[in-house]
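**Student:** show me how the following folds:
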Amino acid sequence: MNYGAAALMDMLIACTALGLTLLGAVEGSPFNVPDFNFRFALLMAVGGLGTALGSIYLSRLSDRFGRKPVILISLVGIVGTCLLFAVADRWWHLFAITVARAAFMGMFWPSLEARITDGADGREMTRRLGWFGISFCAGLLLGYPLSGLLHDASEHVPFYAGAGFGVLLFVLLVAVFRRDRTHDGHLPAIQPDGEQTDAEPPPPPALRRAFLLTAWISNALAYAAASILRNMFPRFAKLTAADGGLDFTGFETGLIAAGTSGAMLVAFLVLGKYHFWHYRYRYLLLGQLAMLVSGLIFATASSMSILVAGSLVFGSGAGMVYISSMYYSLSGHTARAGQSGLHEGILCFGWCGGMIIVAAVSRYVAAHRTPYWVCTAILAVGIVVQAVLYGRARRSAGNGRREARTQSP
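**Tutor:** I've put the predicted structure just below:
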């Protein structure tokens with residue numbers, strides 16, 4: 001049921017996210033303004049910052065009071081914000097609702113992630129993280145096209161659909177929690193006799209820290225890029241050609257957005273089963289290069305088939321980056337809601353930072369393609385920074401091994 005919760009929650013998120021973006025493409029809507037990119041980027045930045053702070057600070061409530069009450073309370077708040085989005089008709093309404101929603105999101109996700117991985121480490125934790133990734137990607141994969149299809153009927157319906165998914169999730173979780181008499185907090189990691197907790201012995205501490213740091217950086221940048229592609233692109237895609245857009249339907253726009261989730265699902269299916277990527281930097285780098293190629297595609301292409309391909313490429317790289325950040329964050333830790341909160345918080349800080357950069361650039365360069373060039377530049381700079389950090393860590397680890405050999409009798 002934990003995996004089903006992730007899927008339903010992301011169906012809710014996909015309906016709300018695409019519904020918000022497409023409000024700016026509705027003829028006569030108060031949200032359809034010339035400086036939409038600037039305003040909407042600020043809105044997403046506020047949401048990212050609020051979720052980051054909520055994930056880092058409010059996630060600790062789950063380690064203290066248990067997973068179940070925090071998950072249910074946050075879910076009630078999220079459903080309420082969906083309903084408020086449906087009736088909002090001013091920009092300040094969107095900002096106020098987004099602040100509340102961000103806090104509840106910061107409570108929900110770390111608590112659910114901790115509940116899923118409680119009692120596991122190493123290979124078993126990798127398997128659970130893989131299924132968790134598959135679940136939330138399945139929710140996005142279904143939610144984005146559904147939201148686009150519903151928006152073609154009315155711009156308010158996606159928000160009501162999201163609230164409906166939340167109510168269904170709440171009822172299912174209450175039923176499951178009543179039957180579930182297991183410990184509602186961290187369980188010690190237990191491995192079958194003779195099974196190693198990792199696919200191979202971990203590297204020296206300096207390299208482990210470097211992997212954690214580079215995974216956090218890459219995940220922050222991945223979600224900076226994802227926030228741009230998922231939240232800025234749909235309006236551009238749905239605008240008419242006369243307004244400088246691509247003139248896609250809501251359903252077609254949702255399919256493009258869903259491509260990322262489809263590729264991430266496949267990535268989680270593979271990476272959750274196999275362990276070849278543990279503590280191997282080339283796979284983390286390859287994932288980011290894939291996202292960089294995708295950014296270039298969105299910055300230049302107008303064909304739906306090419307854009308779907310770009311979305312798939314992005315999702316394959318983002319899946320590698322996300323599961324790496326989760327694994328390196330949680331492996332070996334006990335207070336997992338707090339650790340998961342750090343992972344989610346850093347992710348959302350990246351989301352916020354990407355949106356702030358887009359807002360600043362869009363203030364002076366108002367072209368529709370500007371956000372996707374910004375996305376590409378962010379990924380390129382991040383790859384360079386991580387390569388430097390990883391190189392220094394390798395040299396430090398090598399020097400440490402040499403000193404240990406010279407000092408041994």
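
**Student:** could you pull up the residues touching Thr300?
**Tutor:** Arg369 (Cβ atoms under 8 Å, 6 or more residues apart in numbering). Backbone N, C-alpha and C define where each C-beta goes, glycine included.

**Student:** per-residue confidence for it?
**Tutor:** Thr300 is assigned 91 on the pLDDT scale.

**Student:** for this structure, what spans make up the helices?
**Tutor:** 2-22, 36-53, 60-65, 67-87, 91-117, 122-153, 157-179, 205-238, 250-271, 281-300, 304-330, 336-362, 370-407 (DSSP state H).

**Student:** just send those helices back as CSV, with distance to Ser29 too.
**Tutor:** CSV is the format used below for these (distance: least, Cβ to Cβ, whole Å):
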stretch, distance to Ser29
helix 2-22, 9
helix 36-53, 10
helix 60-65, 38
helix 67-87, 13
helix 91-117, 11
helix 122-153, 12
helix 157-179, 14
helix 205-238, 11
helix 250-271, 14
helix 281-300, 24
helix 304-330, 24
helix 336-362, 19
helix 370-407, 20
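
**Student:** go through those helices and name the closest to Pro30.
**Tutor:** helix 91-117 (7.6 Å; Cβ to Cβ).

**Student:** what comes up buried for that closest one?
**Tutor:** 94, 97-98, 101-117 (16 or more other Cβ atoms under 10 Å).

**Student:** one more: stretch 361-369?
**Tutor:** For stretch 361-369, burial by neighbour count (16+ other Cβ under 10 Å) applies to Val361, Ser362, His368.

**Student:** could you dump the residues you listed to JSON lines with pLDDT and distance to Asp243?
**Tutor:** Shown next, in JSON lines, are the buried residues of stretch 361-369 (pLDDT from 0 to 100; distance: Cβ to Cβ, whole Å):
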{"residue": "Val361", "pLDDT": "87", "distance to Asp243": "20"}
{"residue": "Ser362", "pLDDT": "80", "distance to Asp243": "16"}
{"residue": "His368", "pLDDT": "81", "distance to Asp243": "9"}
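
**Student:** with distance to Leu284 added, can I get those in CSV?
**Tutor:** Output for the buried residues of stretch 361-369, formatted as CSV (distance: Cβ to Cβ, whole Å):
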residue, distance to Leu284
Val361, 27
Ser362, 30
His368, 32
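
**Student:** out of those, who's nearest Thr249?
**Tutor:** Nearest to Thr249 among the buried residues of stretch 361-369, with distances taken as Cβ to Cβ, is His368, at 17.8 Å.

**Student:** got the contact list for the closest residue to the closest one other than its chain neighbours?
**Tutor:** What sits nearest to His368 in space, not counting adjacent residues and going by Cβ to Cβ, 6 or more residues apart in numbering, is Phe236, at 4.9 Å. Residues in contact with Phe236 (Cβ under 8 Å, 6+ apart) are Gly245, Leu246, His368, Arg369.

**Student:** so what's the residue nearest to the second one when sequence neighbours are not counted up against?
**Tutor:** So that's Leu246. Closest residue to Leu246 apart from its sequence neighbours, by Cβ to Cβ, 6+ apart: Ala237 at 4.8 Å. Shown in contact with Ala237 (Cβ under 8 Å, 6+ apart): Gly245, Leu246, Phe248, Glu252, Thr253, Ile256, Leu307.

**Student:** can you rerun that using 7 Å?
**Tutor:** By Cβ atoms under 7 Å, 6 or more residues apart in numbering, the contact list for Ala237 reads Gly245, Leu246, Phe248, Thr253, Ile256.

**Student:** neighbour-wise, which of these leads?
**Tutor:** Greatest neighbour count in the contacts of Ala237, by other Cβ atoms under 10 Å, goes to Thr253: 29 neighbours.

**Student:** how near is that one to Phe233?
**Tutor:** Between Thr253 and Phe233 the computed distance is 8 Å (Cβ to Cβ, to the nearest Å).

**Student:** before we move on, what about Ile134?
**Tutor:** Ile134 is 24 Å from Phe233, by Cβ to Cβ.

**Student:** need the contact list for Trp216.
**Tutor:** Trp216 neighbours (Cβ under 7 Å, 6+ apart): Ser325, Ile346.

**Student:** how near is it to Ile78?
**Tutor:** As defined by Cβ to Cβ, Trp216 lies at a distance of 25 Å from Ile78.

**Student:** before we move on, back to that, minimum pLDDT in the contacts of Phe236, which residue is that?
**Tutor:** For those, the weakest pLDDT value sits at His368, with 81.

**Student:** surely that residue meets Ala241?
**Tutor:** No. Under the criterion of Cβ atoms under 7 Å, His368 lies out of contact with Ala241, with a separation of 11.5 Å.

**Student:** show me what counts as buried in stretch 239-250.
**Tutor:** Leu239, Gly245, Leu246, Phe248, Gly250.

**Student:** from Ala17, how far out is the residue lying closest to the last one once chain neighbours are set aside?
**Tutor:** Pointing back at Gly250 there. Spatial nearest neighbour of Gly250, chain neighbours left out: Gly148 (3.6 Å); criterion: Cβ to Cβ, 6+ apart. Remark: distance between Gly148 and Ala17 (Cβ to Cβ) = 11 Å.

**Student:** who has more neighbours out of the two?
**Tutor:** The neighbour comparison of Gly148 against Ala17 (other Cβ under 10 Å) goes to Gly148, with 29 against 24.

**Student:** quick one: the more buried one from Arg123, how far?
**Tutor:** From Gly148 over to Arg123 (counting by Cβ to Cβ), the distance is 38 Å.

**Student:** what of Tyr279?
**Tutor:** As judged by Cβ to Cβ, Tyr279 and Arg123 stand 14 Å apart.

**Student:** ok, now Glu27?
**Tutor:** Applying Cβ to Cβ, the value for Glu27 to Arg123 is 54 Å.

**Student:** neighbour-wise, which of those two wins?
**Tutor:** Applying other Cβ under 10 Å to Glu27 and Arg123 shows that Arg123 carries more neighbours, namely 19 against 7.

**Student:** from what I see, Phe233 and Phe298 are in contact.
**Tutor:** Yes. Assessed by Cβ under 7 Å, Phe233 is found in contact with Phe298 at 6.4 Å.

**Student:** Tyr3: neighbour count?
**Tutor:** Around Tyr3 there are 18 residues (other Cβ under 10 Å).
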